[in-house]
Every structure is written in structure tokens, then in C-alpha cells.
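S.K.: Here is the input, now give the coordinates:
(2 chains)
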Amino acid sequence: MSGGLQVEGLVKRFGGLLATDHLSMSLAGGEIHAVIGPNGAGKTTLINQLGGEITPDAGRIVFDGRDITHQPPWRRALAGIGRSYQITSVFADFTVLQNLCLAVQAHAGHSFRFWGRAAGQRRLREPAEAALQRVGLQARAATRVAELAHGERRQLEIAMTLAGGATLLLLDEPMAGMSHAESEQVVALLASLKGEHTVLLVEHDMDAVFSLADRITVLVYGSALASGTPDEIRSNDAVRDAYLGQQEDV
Amino acid sequence: MVRPGTVVAALLLAALALVPALAGAFGEPYYVRLFTRILVFALAALGLNLVLGYGAMVSFGHAMYIGIGAYAVGMLSAGGVASGWAHLGVALLAGGAIAALVGAICLRTSGMAFIMITLAFAQMLYFLAVSLREYGGDDGLRIATPSDFGGVDLADANTLYYVAFGVLLAVLFAFWRLIDSRFGMVLRGCKGNARRMAALGFPTLRYQLAAYVISALVCVLAGVLLANLTKFVAPSYMAWTVSGELIVMAVLGGLGTLLGPVVGAAALLLLEEGLTSLKLGVPWLDELLNQHWLAVIGLFILLVVLVLRRGLYGWLAAPQARKP
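M.R.: Numbering: from 1, shown residues only, chains lettered A, B, ... in the order given. Here you go, the predicted model:
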């Protein structure tokens, strides 16, 4: 299936800091691949390079067999890479449905259409409503995003990547700041995406990571300390020493 | 249910439509010219509001496009070309080309840099106009014959008023459609978060550039009308203070509201007119207000911005709306 991603020898320096240190990893189509690591390990920097907001100093990023290393963010989005942000950045002045319609619109041809009301267009509404249903926010369709609860906004973030028809989702801490019940909902949602979408999941909630991920890459100082199935990672001594040892509940 | 915004809009536009009739009835033809001026600046502020209010691009150089429109009329007229269609065509072509070029450069920047670079371009054009000796240089240029649109005689004050009013209505209607269209949604999305728009798959720059050019063209139209109103064009038409006034009009009326710039332009110009000729019958107070009307306007703007936040029209149209 599509949505496969290869990262080869990725390097990113910020001054003297090596934020990404010759990182290579690969995501098979349809898998959930978690990236974990201590703060400052370069997880968000990695996502920003995959999304195209930061250009790597060296290395290659290949998506669906095409080299996308130097493509701008919007081209990658059109190719099927959707991302959510660590800091929720949906459009607060729009309603939930408008946000989703905008995500659909990005993939529905050019937007040099100056006359017809976007809100009434079935071609935008139907995929938007489907995505809304998928994350369980139907009841909030007409609510302005500014009035949503934090957890709902994060769910909307995920819904927007789905509405855009992305095959690869880059999710940067989708459960951050969520209540227990809300993160359970998101775990269920992400589990249902397995096989349909490729997911790169950066998350600090280890329960969620170990229950969801097909594979896990542990990032420390910008390079991959280990990569493998949840069981392999759990029993890896180096990972225990470097990272998981600090987490009591694993 | 009819929304209060619709009522306010209908009343406002109906009042504007009646201006020449009322001025005629009261034997005060001067007011037709005053209100034509208001319409012209309302049109320009409306154009600016597309980028400023809906796109959060703070252009501090939009007076440049008023100047381009006015100079197109002045220079062609001086060269013996009287055809209004030629005036309009040249103005829009020149304005569009310059806007595309300037926009493509300015939009590489954002925030304070964008403000300063738009100002810099406007100042460049201002000094270019000053250097045009054969077109009056600093002193400006009288326009002997107005733009000739066949049967429409722009030299007639009432005709010019209704032409300006018609253009304003047409642009208002087009913008009303535009802001809810796909293009409008992209523009408003870029205002909220351009980075996120790119991550969704929108090549944001080209949409912002298109909005910038459209907004400039509306100001060019205003410039063509202004030249026909004053029968005169000078570099002062594109002074940076005029760019500033356009911003004040948009903010005063309500950024990102359709009719806000119209209300803002009317409020500012009427206040200016009223304060400079005010006669309350108290000599010292009259003199104070007539001399220092700018200070009063300053206080008024301060009050509106601090208290109403969403501008005069935003406040009239949705008094019960929640404060953002």
C-alpha cells in the first residue's frame, strides 16, 4: 500500500547543535510507527523536516518512492502527507466544519474561485463530514473552534489530516494535555487507522505508544538508539538505560 | 430573521443613494462633492481591507495605487487622450503590473518588514511623481478634460457621484461573494495561520499575491475617480499619510467586516469636515476645535479602537457579539 516513507542519513544542525544526527529510518505503508525519546531528542525537528518546514542539511526523504527532500510543505501535503502540530493550530475563527472543508479544499483543485460560496459545496462538505464522523465530533460541526475544549481541538487536528486525504499522518503529541477519557478516544481512533494510513506518532504517553505502535524508534540526541517492535524496545538494555529507565510505569 | 448587520447596511446604502437628491433639495450642491470624496475613499479603504482585514497583510503603501489611477488619468489627458476607457485600461494595467511585482517582493516578508517594504515602494513612486517635471512635479497637474465615457458626463457632479456609488456597490457585491468563496476561505485561513495553510496543501503565496493585486486594483479605480473629482493630480495623492488614513478608515470602521471601510471613511471625512467648519457660537471653543481638529479625531479613533474593538460597523452590526 502507499504511504511508505524512507529517511536516509538525515542531518540537521542548529549552530553547534546536531538536532538530527545521520538518522535513517523507514515506515512501511499502513503501520503506526512511534518515535519516542527524551525532551530535546529532536522529535519535532524530525517531523518539521518530514513536513517540509525545515530543510535538512544532508540526507534524503523518500515518500511513496519519490524524493521529496526539497519540496515545499504544500507540495508534500498534496502528495499525501498530513500533519498535526504540538501546539494546536486549527483556525479559531472558523467553525469545526469550515476547518475541515478547508482541509478538503486544499486537495480539490486550485482555489482561484472567487464567486460561489465554499460552505455550500457538497464536494467539500461530504468528505469533511465523513472525517468529522470518524473522530466523533459531529455534534460540534457548527461550533466555532474558539469555543471547543482543548481535547476536542486536538481531535479536530487529526480530523483535518484525515479530511485532506493524507496517506501518511505526522502526529506531534496528539494526546498532549488531554484527559484520560479523551486520550482513550484518540487511541481508539488511531488504532482504527491502522492498515489504512501510515502514522508517524510522536507521543509521551507510553501506555498509548506501546498499545498502538507496530514499531518504535527511540531517538536520543538526534539519532536512532534503537528501532523495533514494542517488545524488542521494552527489553532493550540501551533503551532502558537511556530513556525508559526513567519512566516508572513501563 | 433579519440580522442587524443587514439593516445597518441597507440603511447606510439607501442614505448614500439619496445624497444628490437631498443636496439638491437643500440647495447645498457642495455636499455632492464631499460625499463623492467619501465614496472614493470608501472604495480605496474597501480595497485595502481585503488584504488588511481579511488577509492580515498590513500594507502601508496603498495610496500608491490611488496615485497610479489618478496619474493615468492626468498623464493621458495631458497627452490628448480623452477616452475614459483608455484611462481606465491603462490605469488598471499599470496598477496590476506594479502590484504584481511589488506584491511578489513584499510577500517574501511578513510582519514589520512587510509594513516597511510596502511603505518603501510607495515612497519610491511618490518621489518618482515629484520628479516628473513635465507633469507638474511637486505642484501637480491640472486635468483639463475628465475621462470621456461616451454618454456619461463625469464633469456633472451628480453623474460622477452615481458612477462612484455604482462602482462602490459593484465592488461591495463582488467582495461579499468573494469572502465566502473558496478563494476567500484560503485568504482568511492565511490570516489565521499561513504555516498551517501550507501544511494543508495550499501554496499560500500565490493566493496572497492574488488578493494583493485585487486590492490594489480597487485602489486604482478609486484613483481614477478621484482624479475626475478634483480635476487635479499631485504626488500628495500617494503620500504616506494617505496610506495611513486608509488604514485608519479600515480600522475605524471595522477590520475584516464588509462595510466597515465605508463606515470608517465616512466617519473620518465627515468628522474632519465637521470639525474644521464647526460653529457652536462659543468663539474660544470654535477656534480651538477648528484649529486642533486633528487632536479631536485622534481622541475619537483612540476611543473607537479601545472601546469598540471591532470598529464602528462591527459594533453597529453585532452589538451583542462576544468580544474576541
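
S.K.: So for the residue of the stretch 101-250 of chain B found nearest chain A, what pLDDT did the model give?
M.R.: The nearest approach of the stretch 101-250 of chain B to chain A comes at residue B:201, 3.3 Å away (Cβ to the nearest Cβ). Every C-beta, even on glycine, is put in place using the N, C-alpha and C of the backbone. On pLDDT, residue B:201 comes in at 95.

S.K.: what ranges do the strands span in chain A?
M.R.: A:5-14, A:17-27, A:32-36, A:58-63, A:66-67, A:81-84, A:168-172, A:198-202, A:215-220, A:223-228 (DSSP state E).

S.K.: deepest of those, which one?
M.R.: strand A:81-84 (a mean of 28; mean count of other Cβ atoms under 10 Å in any protein chain shown).

S.K.: partner strands of it, parallel or antiparallel?
M.R.: strand A:168-172 (parallel) (DSSP bridges).

S.K.: The partner strand vs strand A:32-36, what angle?
M.R.: 30 degrees (axes from the mean of the first three to the mean of the last three Cα atoms, to 10 degrees).

S.K.: got the contact list for strand A:168-172?
M.R.: A:3, A:5, A:27, A:43-44, A:47, A:50-51, A:63, A:80-86, A:158, A:161-162, A:190, A:193, A:197-203 (Cβ atoms under 8 Å, 6 or more residues apart in numbering or on different chains).

S.K.: give me that answer again for 6 Å
M.R.: A:3, A:5, A:44, A:47, A:50-51, A:81-86, A:161, A:197-202 (Cβ atoms under 6 Å, 6 or more residues apart in numbering or on different chains).

S.K.: Show the average pLDDT along stretch A:30-40.
M.R.: Stretch A:30-40 comes out at a mean pLDDT of 93.

S.K.: Quick one: end-to-end distance for that stretch.
M.R.: 28 Å (Cα to Cα, to the nearest Å).

S.K.: For that stretch, what is the distance to the chain centroid?
M.R.: 10 Å (Cα atoms, centre = their mean, to the nearest Å).

S.K.: And for stretch B:29-37?
M.R.: For stretch B:29-37, the distance to the chain centre is 16 Å (Cα atoms, centre = their mean).

S.K.: Could you list the buried residues of that stretch?
M.R.: Across stretch B:29-37, burial judged by 16 or more other Cβ atoms under 10 Å in any protein chain shown covers B:31-32, B:35-37.

S.K.: Out of these, flag the one nearest to chain A.
M.R.: residue B:36 (28.0 Å).

S.K.: how about the helices of chain A, start to end?
M.R.: A:43-51, A:73-79, A:96-105, A:122-135, A:150-163, A:180-193, A:206-212, A:230-234, A:237-242 (DSSP state H).

S.K.: Quick check: which of those helices is nearest to residue B:217?
M.R.: Residue B:217 sits nearest to helix A:96-105 of all these, at 24.7 Å, using Cβ to Cβ.

S.K.: Quick one: mean pLDDT for that closest one?
M.R.: 95.

S.K.: near chain B at all, that helix?
M.R.: Yes. With Cβ under 6 Å from any Cβ of the partner chain as the measure, helix A:96-105 is seen reaching chain B through A:102-103, A:105.

S.K.: Would you convert those residues into CSV that also reports neighbour count?
M.R.: Below are those laid out as CSV (neighbours: other Cβ atoms under 10 Å in any protein chain shown):
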residue, neighbour count
A:102, 29
A:103, 31
A:105, 28
